[in-house]
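In: coords please:
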Amino acid sequence: MSAAVEAIGLTKSFGGQVVLDGIDLDIQRGGVFALLGPNGAGKTTMIHLLSTLLRPDSGTARVAGHDVVKEAPAVRAAIGVTGQFSAVDALMTGEENLRLMADLRHLGRREGRRRVSELLERFELADAARKPLATYSGGMRRRLDLAMTLVSRPDIVFLDEPTTGLDPRSRAEMWHIVRELVAAGTTILLTTQYLDEADELADRIAVLNAGRIVADGSPAELKRLVPGGRVRLEFEDEATLDAASAAFDEAARDDAALAIDVPSDGGFGSLRSIMERLERGGIEARGLSIHTPDLDDVFFALTGRSGDAATEREVA
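Out: A predicted model of the protein is given here:
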């Protein structure tokens, strides 16, 4: 079976500004692949290229086995896209929006009605189905957006910053829906500036900065790229603390907590080495905890800016 998304050497510029500069991607089917990056990094442009809304300047890309330029209709038939901004028609009800999408997808009258009813129930919109969209909350609108994306049961779904502006409860609801989709076999390509969202949902993350992918791996692999991991060892008394400090001269000492912080990547080999050194010194620790860098640290190290979500609109 072909990969869900393959890209080789993709480039795209606007008015002389390079937005994507030789992007390679290989996203296997199933799971969540997250594309992280600051505003202007090119995340939305990447989604537009893969969904056939834009043509690349150079390079190739295949989605669901189809070339995004030569086989654009086949690509569009295989995917669903939820953009940064709501695509629902505010003059229609939720049910009418879904029926319109079913008609555009040529589901047929009977199948369209059945699918619309199914999605309204699944996304907990049945009670509001015939109400005007002016009465919908932001979370309800985003759920309706995603429901419209899923009308045709796409194998691959692109979610471009789907939780921007949502309150914590609505974000949690969207996360639950994403997990359900993955459990059913859907492949998700997620762009987000919320680092906790990527950490929570993604099996694999690529960090995009200044048009290039600067890192690619699982959340755990990315965290190991950044120094600062440590193992904290706690002891019962000052005498044991002194012995531990002597055995681990590279460690930082915390007298108030009767603890030392030993630099470590948190891996099994590192932990085994620490335990063996304790055993050789006849030192007994009261407690042990592992502290590793989080995605905020990774994001800052790789992009040179804060991991907080920016408020300005991404320019490309």
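
In: helix/strand/coil for Val11?
Out: For residue 11 the amino acid is Thr, not Val. When classified by DSSP: H, G, I helix; E, B strand; the rest coil, Thr11 comes out as strand.

In: I'd say it and Arg55 touch.
Out: No. Contact criterion C-beta atoms under 8 Å: Thr11 and Arg55 do not qualify, at 11.1 Å. The way it works is simple: take the backbone N, C-alpha and C, and place the C-beta from them, glycine included.

In: between those two, who's got more neighbours?
Out: Neighbour count, other C-beta atoms under 10 Å: between Thr11 and Arg55, Thr11 has more, with 16 against 11.

In: how near is that one to Leu25?
Out: 13 Å (C-beta to C-beta, to the nearest Å).

In: then Gly185?
Out: Gly185 is 20 Å from Leu25, by C-beta to C-beta.

In: can you check Phe158 too?
Out: Counting by C-beta to C-beta - Phe158 and Leu25 are separated by 12 Å.

In: looking at the two, which is more packed in?
Out: The neighbour comparison of Phe158 against Leu25 (other C-beta under 10 Å) goes to Phe158, with 25 against 20.

In: now for the more buried one: which residues touch it?
Out: 47, 50-51, 79-82, 189, 191 (C-beta atoms under 8 Å, 6 or more residues apart in numbering).

In: where does it sit: helix, strand or coil?
Out: Phe158 is classified as strand under three-state DSSP.

In: pLDDT score assigned to it?
Out: As predicted, Phe158 sits at a pLDDT of 94.

In: for it, list each beta-bridge partner.
Out: For Phe158, the beta-bridge partners under DSSP bridges are Val81, Leu189.

In: who's sitting farthest from the centroid in this structure?
Out: Distance from the C-alpha centroid of the chain peaks at Ala239, with 46.9 Å (C-alpha atoms, centre = their mean).

In: against Ser289, how distant is that one?
Out: From Ala239 across to Ser289, the span is 22 Å (C-beta to C-beta).

In: over to Val75?
Out: In terms of C-beta to C-beta, Val75 sits 47 Å off from Ser289.

In: these two - which one has more neighbours?
Out: Val75 (22 against 11).

In: which residues touch the more buried one?
Out: 50-52, 63-64, 66-68.
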